[in-house]
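>>> Here is my input; please provide its structure:
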Amino acid sequence: MSKSGMIEKSDPWRVPIAVAQIPDTGLHRDLKADQANCAAVADVGGLREVLSVSASLDVTPMSGGRFHVEGRVRARIGQTCVVTLDPMGTDIDEAIDLIFAPPDQIPQMADLVDEAQENDRSSDAEIPDPPEPIENGIIDLGRLATDALYLAVDPYPRKPDAVFEPLVEAPDPEDHPFAALKALKVAPKKSGATKPKGK
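Residues are numbered from 1 along each chain as shown. As a prediction, this is how the structure comes out:
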């Protein structure tokens, strides 16, 4: 497989945005994956099928060359119920709220997030995620939407009315806590039955 083929496989839906072209006022993008992208997203994510994927995202410049990406990804995927093994459809509606930063700022910002987690262990305040790196001056909104979709997928999908009924077998009369003791009790009788030979 070619190197470009490997990149396409890991990034089934690409919508690159050059950060140099993002205006100071920010930009809004409404994205919709085509049929080929949906098939690739399903293949890479190990899903039975992806019927649709769309995202609505706002990219806002921040100080220090950082960018705030906020919005939602929505999708309709086909999965298999883990109880009945029937095909089922699942709707995904996942929020996206991330900061992208130049790669040289990532270690410093990640340390600040770690510090915030140490200080706020007892509080219920939400700790921000570490920033994502801006790679080669690009933020890939398609990859961002795909990653959010994969994180939102239930790995054990179950139909709302599906009930797991374990296989019920009739209890074996020999299968009880003292069965092992009964076996020990029987063993001496067999050895005792051989004693009369010695008389």
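>>> Pull the number of nearby residues for residue 80.
Close neighbours of residue 80, defined as other C-beta atoms under 10 Å, add up to 13. Glycine gets a C-beta too; all of them are placed from N, C-alpha and C.
>>> My error: substitute residue 85 in the last question.
Using other C-beta under 10 Å, residue 85 has 9 other residues around it.
>>> Mind pulling up the pLDDT for the closest residue to residue 151 other than its chain neighbours?
What sits nearest to residue 151 in space, not counting adjacent residues and going by C-beta to C-beta, 6 or more residues apart in numbering, is residue 94, at 7.1 Å. At residue 94, the predicted lDDT confidence score is 97.
>>> Contacts only, for residue 94.
Taking C-beta atoms under 8 Å, 6 or more residues apart in numbering, we find residue 94 in contact with 72, 73, 74, 148, 149, 151, 152.
>>> State the helix or strand in which it lies.
Residue 94 is part of strand 87-101 when elements are defined by DSSP states H and E.
>>> For the chain, give me the ranges with low pLDDT.
1-9, 109-128, 162, 164-199 (pLDDT under 70).
>>> swap the cut-off to 50 and go again
Residues of the chain meeting the criterion pLDDT under 50: 1-8.
>>> Can you tell me how far the residue nearest to residue 151 is from residue 16?
Using C-beta to C-beta, to the nearest Å, one gets 21 Å for the distance from residue 94 to residue 16.
>>> same deal with residue 63?
On the measure of C-beta to C-beta, residue 63 and residue 16 end up 23 Å apart.
>>> burial count for residue 22?
Residues near residue 22, counting by other C-beta under 10 Å: 15.
>>> OK, contacts around it?
59, 61, 67 are the contacts of residue 22 under C-beta under 8 Å, 6+ apart.
>>> C-terminal to the helix or strand encompassing residue 41, what's the next element?
Per DSSP H and E, residue 41 falls inside helix 35-45. As assigned by DSSP H and E, the chain's next helix or strand after helix 35-45 is strand 49-61.
>>> Enumerate the positions of that following strand that are buried.
The neighbour-count check on strand 49-61 (16 or more other C-beta atoms under 10 Å) flags 50, 53, 55, 56, 57, 59, 61 as buried.
>>> Next, format these as TSV and append distance to residue 107.
Shown next, in TSV, are these (distance: C-beta to C-beta, whole Å):
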residue	distance to residue 107
50	35
53	33
55	29
56	32
57	26
59	23
61	22
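>>> Of those, which is the nearest to residue 40?
Ranked by distance to residue 40 (C-beta to C-beta), the buried residues of strand 49-61 are led by residue 50 at 8.7 Å.
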